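Peer 1: Mind folding the following:
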Amino acid sequence: MRGPLLLLAAIALPVVAAHADDLYKRNNWSAMSADRRATAIGDLLTVVVYENAESTNTTKTDSKRSTQVGGSVSGGKLSESGSLQIGGGYSGGGAVTRSDKLVAQITVTVRSVLPNGDLMVSGQQTMKLNGENTLIGIEGRIRPEDIEADNRILSSRIADAKIIYDGKGFVARSAKPGLVARVFRFLGLG
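Peer 2: Residues are numbered from 1 along each chain as shown. Reported below is the predicted structural model:
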(Lines give C-alpha, C1' and ligand atoms only; values in the text may rest on other atoms or scores of the structure.)
Protein backbone atom coordinates (compact mmCIF):
# COMPACT_ATOMS: atom_id res chain seq x y z
CA MET A 1 0.00 0.00 0.00
CA ARG A 2 2.88 2.23 0.48
CA GLY A 3 3.83 2.14 -3.19
CA PRO A 4 0.46 3.42 -4.49
CA LEU A 5 0.45 6.22 -1.89
CA LEU A 6 3.89 7.40 -2.95
CA LEU A 7 2.82 7.30 -6.55
CA LEU A 8 -0.30 9.29 -5.79
CA ALA A 9 1.71 11.84 -3.77
CA ALA A 10 4.22 12.25 -6.62
CA ILE A 11 1.46 12.89 -9.14
CA ALA A 12 -0.34 15.35 -6.86
CA LEU A 13 2.72 17.52 -6.18
CA PRO A 14 3.05 20.45 -8.53
CA VAL A 15 5.89 20.24 -10.97
CA VAL A 16 8.53 22.90 -10.29
CA ALA A 17 11.13 23.70 -12.93
CA ALA A 18 14.70 23.40 -11.81
CA HIS A 19 16.70 26.61 -12.04
CA ALA A 20 20.48 26.86 -12.08
CA ASP A 21 22.89 29.77 -12.53
CA ASP A 22 25.28 29.72 -15.44
CA LEU A 23 28.89 29.43 -14.30
CA TYR A 24 30.16 31.21 -17.41
CA LYS A 25 29.88 34.99 -17.15
CA ARG A 26 30.44 36.37 -20.63
CA ASN A 27 31.74 39.80 -19.50
CA ASN A 28 33.90 38.58 -16.64
CA TRP A 29 35.72 35.55 -18.02
CA SER A 30 39.37 35.61 -19.00
CA ALA A 31 41.76 32.93 -20.11
CA MET A 32 44.20 31.52 -17.57
CA SER A 33 47.17 32.72 -19.63
CA ALA A 34 46.06 36.31 -20.22
CA ASP A 35 44.70 39.33 -18.39
CA ARG A 36 41.23 40.59 -19.17
CA ARG A 37 41.39 43.15 -21.96
CA ALA A 38 39.79 46.58 -21.68
CA THR A 39 36.40 46.61 -23.42
CA ALA A 40 34.03 48.82 -21.41
CA ILE A 41 33.82 52.31 -19.93
CA GLY A 42 35.93 52.51 -16.78
CA ASP A 43 38.29 49.66 -17.76
CA LEU A 44 42.01 50.32 -17.43
CA LEU A 45 44.62 49.84 -20.13
CA THR A 46 48.41 50.23 -20.05
CA VAL A 47 49.98 52.32 -22.81
CA VAL A 48 53.65 51.73 -23.59
CA VAL A 49 54.90 55.08 -24.83
CA TYR A 50 57.84 54.85 -27.18
CA GLU A 51 58.12 57.97 -29.28
CA ASN A 52 61.26 58.91 -31.16
CA ALA A 53 61.38 62.02 -33.37
CA GLU A 54 64.29 63.66 -35.15
CA SER A 55 64.35 66.67 -37.43
CA THR A 56 67.01 68.76 -39.11
CA ASN A 57 66.52 72.09 -40.83
CA THR A 58 69.38 73.91 -42.55
CA THR A 59 69.18 77.27 -44.31
CA LYS A 60 71.85 79.17 -46.20
CA THR A 61 71.34 82.47 -47.99
CA ASP A 62 73.88 84.35 -50.12
CA SER A 63 73.22 87.69 -51.73
CA LYS A 64 75.57 90.00 -53.54
CA ARG A 65 74.97 93.24 -55.41
CA SER A 66 77.48 95.39 -57.19
CA THR A 67 77.05 98.59 -59.24
CA GLN A 68 79.83 100.43 -61.00
CA VAL A 69 79.65 103.80 -62.74
CA GLY A 70 82.65 105.32 -64.44
CA GLY A 71 83.46 108.18 -66.69
CA SER A 72 86.31 110.23 -68.00
CA VAL A 73 86.78 113.61 -69.66
CA SER A 74 89.84 114.66 -71.56
CA GLY A 75 90.67 117.65 -73.67
CA GLY A 76 93.98 119.37 -74.34
CA LYS A 77 96.09 119.34 -71.27
CA LEU A 78 93.07 118.58 -69.07
CA SER A 79 92.42 114.97 -68.30
CA GLU A 80 89.92 114.11 -65.59
CA SER A 81 88.32 110.85 -64.71
CA GLY A 82 85.88 109.78 -62.05
CA SER A 83 84.47 106.59 -60.81
CA LEU A 84 81.66 105.56 -58.47
CA GLN A 85 81.30 102.03 -57.15
CA ILE A 86 78.48 100.78 -55.02
CA GLY A 87 78.61 97.26 -53.72
CA GLY A 88 77.04 95.14 -51.09
CA GLY A 89 76.81 91.63 -49.90
CA TYR A 90 75.01 89.42 -47.48
CA SER A 91 75.73 85.96 -46.33
CA GLY A 92 73.66 84.20 -43.75
CA GLY A 93 72.97 80.72 -42.55
CA GLY A 94 71.36 78.73 -39.87
CA ALA A 95 70.88 75.17 -38.71
CA VAL A 96 68.38 73.60 -36.36
CA THR A 97 68.72 70.02 -35.20
CA ARG A 98 66.28 68.48 -32.78
CA SER A 99 66.00 65.00 -31.35
CA ASP A 100 63.30 63.88 -28.92
CA LYS A 101 62.83 60.50 -27.30
CA LEU A 102 60.17 59.51 -24.79
CA VAL A 103 59.90 56.08 -23.18
CA ALA A 104 57.29 55.53 -20.47
CA GLN A 105 54.33 53.43 -19.36
CA ILE A 106 51.06 54.96 -18.26
CA THR A 107 47.70 53.46 -17.37
CA VAL A 108 44.70 55.11 -19.02
CA THR A 109 40.95 54.76 -18.53
CA VAL A 110 38.36 53.92 -21.20
CA ARG A 111 36.15 57.04 -21.34
CA SER A 112 33.71 55.90 -24.04
CA VAL A 113 33.02 53.08 -26.48
CA LEU A 114 32.23 54.14 -30.05
CA PRO A 115 29.50 52.40 -32.11
CA ASN A 116 32.12 50.42 -34.06
CA GLY A 117 33.68 49.16 -30.79
CA ASP A 118 36.72 51.48 -30.76
CA LEU A 119 37.69 52.79 -27.33
CA MET A 120 38.31 56.45 -26.48
CA VAL A 121 40.91 56.56 -23.70
CA SER A 122 42.64 59.20 -21.64
CA GLY A 123 44.84 59.42 -18.59
CA GLN A 124 47.71 61.26 -17.03
CA GLN A 125 50.52 60.59 -14.62
CA THR A 126 52.40 63.11 -12.48
CA MET A 127 55.83 62.37 -11.04
CA LYS A 128 58.15 64.35 -8.83
CA LEU A 129 61.78 63.35 -9.24
CA ASN A 130 64.67 65.32 -7.75
CA GLY A 131 62.55 68.44 -7.34
CA GLU A 132 61.21 68.26 -10.91
CA ASN A 133 57.47 67.88 -11.52
CA THR A 134 56.82 65.85 -14.66
CA LEU A 135 53.42 65.32 -16.30
CA ILE A 136 52.67 62.68 -18.93
CA GLY A 137 49.21 62.75 -20.50
CA ILE A 138 47.69 60.58 -23.22
CA GLU A 139 44.37 60.54 -25.01
CA GLY A 140 43.21 58.96 -28.24
CA ARG A 141 41.28 56.21 -30.03
CA ILE A 142 42.14 52.51 -29.79
CA ARG A 143 40.95 49.53 -31.82
CA PRO A 144 40.26 46.56 -29.50
CA GLU A 145 42.18 44.20 -31.82
CA ASP A 146 45.34 46.29 -31.24
CA ILE A 147 45.29 45.55 -27.50
CA GLU A 148 47.81 42.83 -26.67
CA ALA A 149 47.01 39.76 -24.54
CA ASP A 150 48.50 41.42 -21.42
CA ASN A 151 46.13 44.43 -21.79
CA ARG A 152 48.85 46.73 -23.19
CA ILE A 153 49.08 48.80 -26.33
CA LEU A 154 51.93 50.68 -28.01
CA SER A 155 51.47 54.43 -28.30
CA SER A 156 52.09 54.15 -32.04
CA ARG A 157 48.83 52.13 -32.33
CA ILE A 158 46.67 54.96 -30.88
CA ALA A 159 44.75 56.95 -33.50
CA ASP A 160 44.35 60.71 -33.05
CA ALA A 161 46.85 60.45 -30.20
CA LYS A 162 47.63 63.47 -28.06
CA ILE A 163 50.71 62.82 -25.96
CA ILE A 164 51.80 65.52 -23.53
CA TYR A 165 55.15 65.48 -21.78
CA ASP A 166 55.86 68.54 -19.67
CA GLY A 167 58.30 69.27 -16.89
CA LYS A 168 58.59 72.05 -14.35
CA GLY A 169 61.59 72.76 -12.17
CA PHE A 170 65.21 73.88 -12.34
CA VAL A 171 66.26 71.68 -15.28
CA ALA A 172 63.19 72.58 -17.35
CA ARG A 173 63.68 76.32 -16.63
CA SER A 174 67.38 76.24 -17.53
CA ALA A 175 66.67 74.46 -20.84
CA LYS A 176 64.44 77.28 -22.08
CA PRO A 177 66.04 80.25 -23.89
CA GLY A 178 66.46 83.51 -22.00
CA LEU A 179 64.63 86.77 -22.63
CA VAL A 180 67.27 88.22 -24.99
CA ALA A 181 67.36 85.04 -27.10
CA ARG A 182 63.55 85.00 -27.33
CA VAL A 183 63.50 88.68 -28.45
CA PHE A 184 66.13 87.99 -31.13
CA ARG A 185 64.18 84.93 -32.31
CA PHE A 186 60.97 87.00 -32.46
CA LEU A 187 62.73 89.65 -34.55
CA GLY A 188 64.15 86.97 -36.86
CA LEU A 189 67.71 87.66 -35.79
CA GLY A 190 68.31 84.49 -33.80
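
Peer 1: Please make it C-alpha for all contacts and neighbour counts, starting now.
Peer 2: Will do.

Peer 1: So in the protein, where's the weakest helix or strand by average pLDDT?
Peer 2: The weakest-scoring helix or strand in the chain, judged by mean pLDDT, DSSP states H and E, is helix 170-175 (a mean of 50).

Peer 1: Residue 168 bridge partners, please.
Peer 2: Following DSSP bridges, residue 168 is listed with bridge partners residue 133.

Peer 1: Around it, how many other residues sit close by?
Peer 2: 13 (other C-alpha atoms under 10 Å).

Peer 1: Pretty sure residue 157 sits against residue 142.
Peer 2: Yes - assessed by C-alpha atoms under 8 Å, residue 157 is found in contact with residue 142 at 7.2 Å.

Peer 1: Those two: who's more crowded?
Peer 2: Shown here are residue 157 and residue 142; by other C-alpha under 10 Å, residue 142 has more neighbours (22 against 16).

Peer 1: next one: phi and psi at residue 115?
Peer 2: phi -60, psi -30 (degrees, to the nearest 10).

Peer 1: any chance you could map the strands in this protein?
Peer 2: Listed in chain order, the strands of the chain (DSSP state E) span 44-75, 78-113, 119-129, 132-142, 152-154, 159-168.

Peer 1: Take those strands and lay them out in a markdown table including distance to residue 36 and mean pLDDT.
Peer 2: Output for these, formatted as a markdown table (distance: least, C-alpha to C-alpha, whole Å; pLDDT from 0 to 100):
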| stretch | distance to residue 36 | mean pLDDT |
| --- | --- | --- |
| strand 44-75 | 10 | 75 |
| strand 78-113 | 14 | 77 |
| strand 119-129 | 15 | 91 |
| strand 132-142 | 16 | 91 |
| strand 152-154 | 11 | 94 |
| strand 159-168 | 22 | 87 |
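
Peer 1: Pipe those strands into TSV and attach distance to residue 38 per row.
Peer 2: Shown next, in TSV, are those (distance: least, C-alpha to C-alpha, whole Å):
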stretch	distance to residue 38
strand 44-75	6
strand 78-113	7
strand 119-129	9
strand 132-142	10
strand 152-154	9
strand 159-168	16
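
Peer 1: quick one: residue 112 and residue 38 touch, right?
Peer 2: No - between residue 112 and residue 38 there is no contact under C-alpha under 8 Å: 11.4 Å.

Peer 1: Please enumerate the shared neighbours of those two.
Peer 2: Residues touching both residue 112 and residue 38 by C-alpha atoms under 8 Å, 6 or more residues apart in numbering: none at all.

Peer 1: For residue 58, give its distance to residue 52.
Peer 2: Distance, residue 58 to residue 52, using C-alpha to C-alpha, to the nearest Å: 21 Å.
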